[in-house]
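Participant: got a sequence here, can you model it:
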Amino acid sequence: MQDILILGGTGFVGKSLCALMLASADPPKLTVPTRNMSGEARPLMPEAVDLVAADVGVPSRLVELVQGKTAIVNLIAILHGDAAEFARVHVELVRSLVEACKATGVRRIVHVSALGVDSDRPSRYLRSKAAGEAVLKGSGLDVTVLRPSVIYGEQDRFLNMFARLSTFIPILPLACADARFQPVWVEDVVRAIVACLARPETAGQTFECAGPEVLTLAKLVKLAGRWSGHERSVLALPKALGTLQAAVMEHLPGEPLMSRDNLQSMQTPNVLSGRLPTLDALGIQPAALDEVAPAYLGRRRA
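Facilitator: Down below sits the predicted model:
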């Protein structure tokens, strides 16, 4: 039986990954660390998952978690933060993971990164993701990297956010309205993770994960409103106003809907590069957005 540690397993992608793995004919043992044992983590996770209280940012604790595992899946990422926060999560944590694997003899890692990562990007998010990949690729371990476009699904914070905003905002002012995405269904991403774990020959490779369609942000916002029963017009903001909007949102309470670094990320098209293998190479035919999203967004109809 495989014994797999899933870092970030209580998140959107992690919950779908656990469900898929546990539904297999020979389910692995799954360990998912969390700092929120008293919160919502336990009710949202399958009972078969070994949910353990742990701060994976503590290197010694990470070594304990990695010990004896067959493979590690790293899903941990943040979308908002300053340079130090991005470095801590996307680079230093990855470096600690590599050191923990070397200390315990664990070799297999599947790491979820993002489309468009590059050390020369204006976005701190994309630069830090690229730096994390570099740490892994230089580790000498058996690493597979997956680079998804924006991921959608029933519990996503992307289409659901725009559907929610469409219920009470008649015209949606939108920065980077012409930014391009190639949205990928969460179930296709987790199938890709499982496929990589099952195929040792994928070690050393990077796969891009995207759906079959390229859509602008404006189109995605309109579709989210239409499918949830509140189609709205989009007002494309000029760059200066969009930056001002994002700067204001950064300082609102709670997790920001948008940040200036998000705008920088959207300057890079979130689409397949054409230079790397894709889901097809893993035997996965990605679902089209309109085959999946209308069903779950439609449940929002008033």
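Participant: quick one: Pro59 from Glu99, how far?
Facilitator: In this view, Pro59 and Glu99 are 7 Å apart by CB to CB, to the nearest Å. C-betas here are computed from N, CA, C, even on glycine.
Participant: contact partners for Asp178?
Facilitator: Shown in contact with Asp178 (CB atoms under 8 Å, 6 or more residues apart in numbering): 216-218, 236.
Participant: need those in a markdown table with distance to Arg88 and neighbour count, can you?
Facilitator: Below are the contacts of Asp178 laid out as a markdown table (distance: CB to CB, whole Å; neighbours: other CB atoms under 10 Å):
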| residue | distance to Arg88 | neighbour count |
| --- | --- | --- |
| Thr216 | 33 | 17 |
| Leu217 | 28 | 21 |
| Ala218 | 34 | 18 |
| Ala236 | 35 | 16 |
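Participant: nearest spatial neighbour of Pro148, chain-adjacent residues omitted?
Facilitator: Sequence neighbours aside, Cys209 is the residue nearest to Pro148 in space, at 4.0 Å (criterion: CB to CB, 6 or more residues apart in numbering).
Participant: quick check: that neighbour touching Asp280?
Facilitator: No: in this structure, Cys209 is not within contact of Asp280 by CB atoms under 8 Å, at 10.5 Å.
Participant: strands of the chain, start to end?
Facilitator: Along the chain, counting by DSSP state E, strands occupy 3-7, 29-34, 50-53, 71-74, 108-112, 142-148, 151-152, 171-174, 180-181, 184-185, 206-209, 215-216, 233-236.
Participant: C-alpha coordinates for the fifth one, CSV please?
Facilitator: Think strand 108-112. Written as CSV, here are the backbone C-alpha positions of strand 108-112 (Å, rounded to 0.1, in the frame of the first residue of the first chain):
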residue,chain,number,x,y,z
ARG,A,108,9.2,10.9,-4.9
ILE,A,109,7.6,14.3,-5.0
VAL,A,110,4.7,15.6,-7.2
HIS,A,111,4.6,19.4,-7.0
VAL,A,112,1.8,21.6,-8.2
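Participant: and for the residue nearest to Pro269 when sequence neighbours are not counted, the neighbour number?
Facilitator: Nearest residue to Pro269 in three dimensions, chain neighbours excluded: Arg180, at 4.4 Å (CB to CB, 6+ apart). Arg180 has 16 neighbours, counted by other CB atoms under 10 Å.
Participant: equivalent analysis for Gly229, please.
Facilitator: 15.
Participant: from Thr34, how far out is it?
Facilitator: Distance, Gly229 to Thr34, by CB to CB: 35 Å.
Participant: correct me, but Pro33 touches Val56?
Facilitator: Yes: taking CB under 8 Å as the definition, Pro33 is a contact partner of Val56 at 5.3 Å.
Participant: overlap in contacts of these two?
Facilitator: Common contact partners of Pro33 and Val56 (CB under 8 Å, 6+ apart): 7, 65.
Participant: who's more crowded, the two?
Facilitator: Using other CB under 10 Å, the more surrounded residue of Pro33 and Val56 is Pro33, with 24 against 21.
Participant: that one pairs with what?
Facilitator: Judged by DSSP bridges, the bridge partners of Pro33 are Val52.
Participant: just the helices in the stretch 201-302 of the chain please.
Facilitator: 217-227, 239-250, 260-266, 289-298 (DSSP state H, counting those that start in this stretch).
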